[in-house]
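> below are the sequence and a predicted model; questions follow.
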Amino acid sequence: MASSRRSRNGGELGKADMHLHTLYSDGTASVRQLLDHVERETDLDVIAITDHERIDGALRAREIHAAGSYSFDLVVGEEVTTRRGHVLALFITERIPALRPLPETLWRIHEAGGIAIAAHPMAPLTPSVGRGSLLDSHGSPDPRHRFDAIELMNPSAAGRARREARERLNAELLRLSAVGNSDAHVLEGVGTAWTWFPGATADDYRSAVAAGTTRPDGAFWSNRHNLDVYRRQLFAKGRHLRHTLRPSGEWR
């Protein structure tokens, strides 16, 4: 049963963007900048920070979020690189190790109390879980080796590629809960894709994934925007290098 909290958009369904990056990995905004942007510039009800191979940024975000007066829920997550592609681990409290076999990673996520989502599956432009691995996971007799949801809307170049094929595979065979996420690496990308779900809280989102009542939505980025993201990521890498050589307090 969904909570009684009203969604920030004023409707009956809440909005979640559960695939966001910060300066802790390959994003271009600090944790605080991201939280403040979500509060001031979006109507998202739930977000997750999912930096590559680390959760320290998400844990720092949880501290800032708890001390602030934000009107959205925050989930700790990680984008994990497996030997078969990227997996979103949500509702975790400890880092899931990278470069492990896909079944082991899914097992670790579930043993940690989290849920596992196939990020931009079947995409040729970035490490992504392929059709064969999706089918293997779907056919596993152990539910801990299966995905909980599949990212069917991802507005990046990786998400645009093979979109119809992944939608058809899910509709005909997998029948996983379908979600949408922005995979944002810059602030203006946050909330450009999202998941509709009954309710407005992180618990409501998780319940909707389990019940299969989620719905992806959003709009694809232009080629110009994709190129601009890559350019700004290069500048962010320069910031990482400068602060590595000359640390100067909290900056990400």
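That came through, no problem.

> from Val179, how far off is the closest residue to Leu169 other than its chain neighbours?
Distance criterion CB to CB, 6 or more residues apart in numbering; nearest residue to Leu169, sequence neighbours excluded, is Arg131 at 6.3 Å. Just so you know, the C-beta spots here come from the backbone N, C-alpha and C atoms, and that holds for glycine as well. Distance from Arg131 to Val179, counting by CB to CB, to the nearest Å: 19 Å.

> same deal with Thr214?
Thr214 is 5 Å from Val179, by CB to CB.

> these two - which one has more neighbours?
Taking other CB atoms under 10 Å, Thr214 and Val179 do not tie; Val179 has more neighbours (32 against 23).

> ok, back up a step: which residues sit in contact with the residue nearest to Leu169?
Contact analysis of Arg131 by CB atoms under 8 Å, 6 or more residues apart in numbering lists 122, 165, 169.

> common neighbours of Thr214 and Val179, please.
By the contact definition CB under 8 Å, 6+ apart, Thr214 and Val179 are jointly contacted by 149, 195.

> so which strand or helix has the residue nearest the centre of the chain?
In the chain, the residue lying closest to the centroid (CA atoms, centre = their mean) is His19, at 1.9 Å. His19 belongs to strand 13-20 when assigned by DSSP states H and E.

> can you check Leu99 too?
Leu99 belongs to no helix or strand when assigned by DSSP H and E.

> that one contacts Thr82, doesn't it?
Yes. Taking contacts as CB atoms under 8 Å, Leu99 lies within contact range of Thr82: 7.1 Å.

> neighbour-wise, which of these two wins?
Each of Leu99 and Thr82 has its neighbours counted (other CB under 10 Å); Thr82 has more, 21 against 10.

> so how far is the top helix by length along the chain off the chain centroid?
If you go by DSSP state H, the chain has its longest helix at helix 223-245. For helix 223-245, the separation from the chain centroid amounts to 20 Å (computed by CA atoms, centre = their mean, to the nearest Å).

> need the contact list for the closest residue to Asp51 other than its chain neighbours.
Distances taken as CB to CB, 6+ apart place Ser25 nearest to Asp51, at 3.6 Å, with adjacent residues excluded. Contacts were defined as CB under 8 Å, 6+ apart; by that measure Ser25 touches 51-54, 57, 79.

> list buried residues within those residues.
Burial by neighbour count, 16 or more other CB atoms under 10 Å: within these this picks out 51, 54, 57, 79.

> farthest pair within these?
For these, the maximum inter-member distance is 11.4 Å, found between Gly57 and Glu79 (CB to CB).

> list residues touching both of the two?
With CB under 8 Å, 6+ apart, Gly57 and Glu79 have common neighbours 25, 51.

> now do the helices in the stretch 101-250 of the chain.
102-111, 131-138, 157-160, 163-169, 202-211, 223-245 (DSSP state H, counting those that start in this stretch).

> extract the CA atoms of the helix-or-strand element of the chain with minimal mean pLDDT and return them as CSV.
For the chain, using mean pLDDT, DSSP states H and E, the weakest element among its helices and strands is helix 223-245, scoring a mean of 79. The C-alpha coordinates for helix 223-245 follow below in CSV (Å, rounded to 0.1, in the frame of the first residue of the first chain):
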residue,chain,number,x,y,z
ASN,A,223,23.6,14.5,-30.0
ARG,A,224,24.8,18.0,-29.1
HIS,A,225,24.0,17.4,-25.5
ASN,A,226,25.7,14.0,-25.4
LEU,A,227,28.9,15.6,-26.8
ASP,A,228,28.7,18.4,-24.3
VAL,A,229,28.5,15.9,-21.5
TYR,A,230,31.6,14.2,-22.7
ARG,A,231,33.4,17.6,-22.9
ARG,A,232,32.4,18.5,-19.4
GLN,A,233,33.4,15.1,-18.0
LEU,A,234,37.0,15.8,-19.3
PHE,A,235,37.0,19.1,-17.3
ALA,A,236,35.8,17.2,-14.3
LYS,A,237,38.6,14.7,-14.7
GLY,A,238,41.0,17.7,-14.5
ARG,A,239,39.4,18.8,-11.2
HIS,A,240,40.0,15.3,-9.9
LEU,A,241,43.7,15.5,-10.9
ARG,A,242,44.2,18.9,-9.3
HIS,A,243,42.6,17.9,-6.0
THR,A,244,44.6,14.7,-6.0
LEU,A,245,47.8,16.6,-6.3
